[in-house]
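**Q** Next come a sequence and a model predicted from it.
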Amino acid sequence: MRSILKWIGIVLAVLVGIIILVATWVFLTTESRITRIHEVESTSFKVPKKPDLEGRNYPLVVAEMCKECHGPDFAGQIMEDDPLIGRLVSSNLTTGDGGIGSVYNDAGWYAAVRHGIRPDGKSLLAMPSRELNILSDEDLGIVVSLIKNSPPINKTLPRSQLGLMGRVILLQGIPILSAEQVEGSPTPPTPPEPGETVEYGQYLAALCAICHGEGLAGVDEPGGGTNLTPGGKLGTWMEADFIKALRMGVEPDGKMIDQEMMPTRIFGKLNESELKALWIYLQTLPAVVKPTATPAEQ
Amino acid sequence: MNKESLSDRNRSLLTFIIWSAVLVTVLLLFAISLPVRYQHLATSVDARPLDQLDLSAASYATYIVTLDVMVALAHILIGSVIFLRKPNDRMAVFVSLTLIINGCILPLTELANAAGVNPGVALVDRFIIYLGMVSSIVLLYVFPDGKFVPRLTSFLSFIWAFLMLVGIVSRSAGLGFGGWSATIQFAVVIIFAGTGFYAQVYRYRNVSRPIQRQQTKWAMLGLAAACIGPVLVVANVLPGSSGPEVPNVLYQRVGGGFFTTSFLLGLLAATFFKLSSLLFPLSFAIAILRYRLWDIDILIRRTLVYGLLTGTLLIVYLIGIVLTQAILGLFAPSSSLSLVLSTLGTIALFNPLRRRIQSGIDRRFYRSRYDVEQIFEAFTKRMRDQVDPDQITAQLLGVLEGTLQPDHASLWLKPDLGKWKVTEKLG
């Protein structure tokens, strides 16, 4: 008994020692990145008092997409809470108690959405700022105005944080520090005028890259988006099929689109002109043919 | 055959019938509950991490159900061994039934909550769950001699049994235990488990004989093993059951690796909890069957020493890193050097600190052992200068009397060419 316990003790002690060593190294290495203070460019960005869509539905769609993480009332929620991985919390965006709606000024919203930076200069976690960085000041103003004009909800949530394993994954290159992601991206082009043009379609398609990947050629991961280039199944579609698919959530062959994976209930709110611009842009993408279908295409 | 032995035989037969009936009922319900649990697991799991791991929802459900079966079978097997070894010991029978029911309680609860279950089966299922819930707390009040100690615990048992009855029978009515919020329910369970723990401590300090104390130590070890999983989850140290599915847009933005790791860790934690819960029936079996009863002292002592040693070294290590970083940061910011220095310092501290902690724990918790070691050390030193055989004999017996406190002792010495003879007697 004594010798068994002794050996169990030795093995446990060595394991604990190794874990502590590795954990400390991981913590020290990642802490500097997580607590790094980022500079934000000065801006003349102003949030309008009332949202004026002026015939554009895209800002409305962006605001609806915010609800995917921030909840149907923008009041935020704990999306992942694992002591080892970390806690991912989407903030309460409303002007109620515990919400950032009454705390953030216009520059604060600008820094958070465009650059993934909190008011204290540190990076937000898992905010899709790299994709939202392309938004024009006008559209961003409408999106923020839509959020600020939503009913105030009193809800105080804990802050997001990375656990030890989350930090290990961060070291492996996971794109979770939003500010770093924006810094590493090319400067977005000047937003084009709305219209049924390739440029405007490209502007609208920026959000699609989150799920459909760079180049919109689809993602070979579970839940990843389908190949939107002419080399994928959209190559056989017509413009009307595309518009119908986004409006009705049904593909030309009658297959229902999984709303959990592809929320056409949101993208179907784009107006006719915006959907046409999107389609025109997708037709200009270089055709990527994949030897095996992505999970979304199976 | 006299009346008394006939009555004993009848009682034994009745006990056997009741025990067998409960065992068969639990086994049947367990068999019915497995497909329900399997279905629930297979349909409620997030498919994305499973896809990433090239696993199916079916294989995930099979894995968890296999763990459930392992845990249940271990409880049933150990419970059966206890009963078969001591069928006439009331406490052993009670422990056996408690283990058998509680080993299957998770799938049985799933069955009770499932829709479309035959009402008769559901009723029996709830009754068995009720027995399991009540017996698990009462066991702490009466273990190991079957008496309620302190006597107030008999009253607490009644309240607990009543709460469970209201909760389980009228759950759908929204009354009582089942209708309370999760926080209140958790608090009630903690309070009653706490009184059970207190009852064991009280019994240990005031009532128990040496063997019963050893039994209590084993029982507490089993309880700690059963509680460690839920406590670590509540304290947010380890992941619990997986939460709601994350939105796909977040899943894709952050990347599947993050959530797949989270899923895997949850699976590992679940495996750890299930396996650690096996210590519960094992330790109760040791306590009831009185097998290697005294080994618990070595286990506790080692756990105390190495637990404290690990904690102290960890604190020293972390303080070392902070201090060395602060000092080295003045010259050149290098996290690696502070890491190396702190590690070396901690390694150097290991043995001296272990000796000190061991001596401190012996002094505080194992006083007699500590005193004996001190006396023998002093005796050895004195013997170095002693040459008179009579003095040596007298001092040796003195030390024996002072440490082992024997009723009597004799010292036999063999002269050069003679027979053994008693040179000194004590007592």
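**A** Perfect, thanks for sending it.
**Q** from here on, contacts and neighbour counts on C-alpha atoms
**A** OK.
**Q** State the phi and psi torsions of A:Arg87.
**A** Main-chain torsions, A:Arg87, degrees, to the nearest 10: phi -120, psi 120.
**Q** Could you pull up the contacting residues of it?
**A** Neighbour list for A:Arg87: A:78-81, A:159-163 [criterion: Cα atoms under 8 Å, 6 or more residues apart in numbering or on different chains].
**Q** host element of the nearest residue to A:Pro252 once chain neighbours are set aside?
**A** Closest residue to A:Pro252 apart from its sequence neighbours, by Cα to Cα, 6 or more residues apart in numbering or on different chains: A:Asp241 at 5.9 Å. In this assignment (DSSP states H and E), A:Asp241 forms part of helix A:239-248.
**Q** helices or strands up against that helix?
**A** Where contact means 3 or more Cα pairs under 8 Å, 6 or more residues apart in numbering or on different chains; DSSP states H and E, helix A:239-248 is packed against helix A:264-267, helix A:272-284.
**Q** Select, out of these, the one closest to B:Thr393.
**A** B:Thr393 lies closest to helix A:264-267 among those, at 96.5 Å (Cα to Cα).
**Q** The closest one packs against which elements?
**A** Applying 3+ Cα pairs under 8 Å, 6+ apart, one finds that helix A:264-267 contacts helix A:58-70, helix A:239-248.
**Q** Dump the helices and strands packed on helix A:239-248 into a markdown table; add distance to A:Ile117, mean neighbour count and mean pLDDT as well.
**A** Below are those laid out as a markdown table (distance: least, Cα to Cα, whole Å; neighbours: other Cα atoms under 10 Å in any protein chain shown; pLDDT from 0 to 100):
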| stretch | distance to A:Ile117 | mean neighbour count | mean pLDDT |
| --- | --- | --- | --- |
| helix A:264-267 | 26 | 18 | 90 |
| helix A:272-284 | 29 | 20 | 93 |
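**Q** What is the neighbour count of the residue nearest to A:Pro252?
**A** A:Asp241 sits with 16 neighbouring residues when counted by other Cα atoms under 10 Å in any protein chain shown.
**Q** Likewise for B:Leu313?
**A** By the criterion of other Cα under 10 Å, B:Leu313 has 20 neighbours.
**Q** Within range of chain B, give me the residues from the stretch 101-250 of chain A.
**A** By Cα under 8 Å from any Cα of the partner chain, the residues of the stretch 101-250 of chain A that approach chain B are A:126, A:128, A:166, A:169, A:174-176, A:210-211, A:221-224.
**Q** Neighbour-wise, which one of those residues leads?
**A** Using other Cα under 10 Å as the neighbour criterion, A:Pro128 leads these with 28 neighbours.
**Q** Contact partners for it?
**A** With contacts defined as Cα under 8 Å, 6+ apart, A:Pro128 is in contact with A:113, A:116, A:178, A:210, B:253.
**Q** where does it fall, phi/psi-wise?
**A** Dihedral pair for A:Pro128: phi -80, psi 50, per degrees, to the nearest 10.
**Q** Kindly list the longest helix within the chain.
**A** Here I'm looking at chain A. Counting residues, the longest helix found in chain A (DSSP state H) is helix A:2-34.
**Q** Let me rephrase: I mean chain B.
**A** Determined from DSSP H, the single longest helix within chain B is helix B:3-44.
**Q** Determine if any part of that one is in contact with chain A.
**A** No - residues of helix B:3-44 contacting chain A under Cα under 8 Å from any Cα: none, with a closest distance of 14.5 Å.
**Q** That helix: how far from the chain's middle?
**A** Offset of helix B:3-44 from its chain centre (Cα atoms, centre = their mean, to the nearest Å): 24 Å.
**Q** hang on, the earlier thing: ranking the helices and strands packed on helix A:264-267 by burial, who's on top?
**A** Of all the helices and strands packed on helix A:264-267, helix A:58-70 has the most neighbours on average by mean count of other Cα atoms under 10 Å in any protein chain shown, namely a mean of 21.
**Q** Tell me how far the residue lying closest to A:Pro119 once chain neighbours are set aside lies from B:Val24.
**A** Leaving out its chain neighbours, the residue that sits closest to A:Pro119 by Cα to Cα, 6+ apart is A:Gly108, at 5.9 Å. Per Cα to Cα, to the nearest Å, A:Gly108 is found 66 Å from B:Val24.
**Q** who's more crowded, the two?
**A** For A:Gly108 and B:Val24, the more surrounded residue by other Cα under 10 Å is A:Gly108, and the numbers stand at 18 against 12.
**Q** Would you mind confirming that the more buried one is in contact with A:Gly121?
**A** No - applying Cα atoms under 8 Å as the test, A:Gly108 and A:Gly121 come out as separate, 9.9 Å apart.
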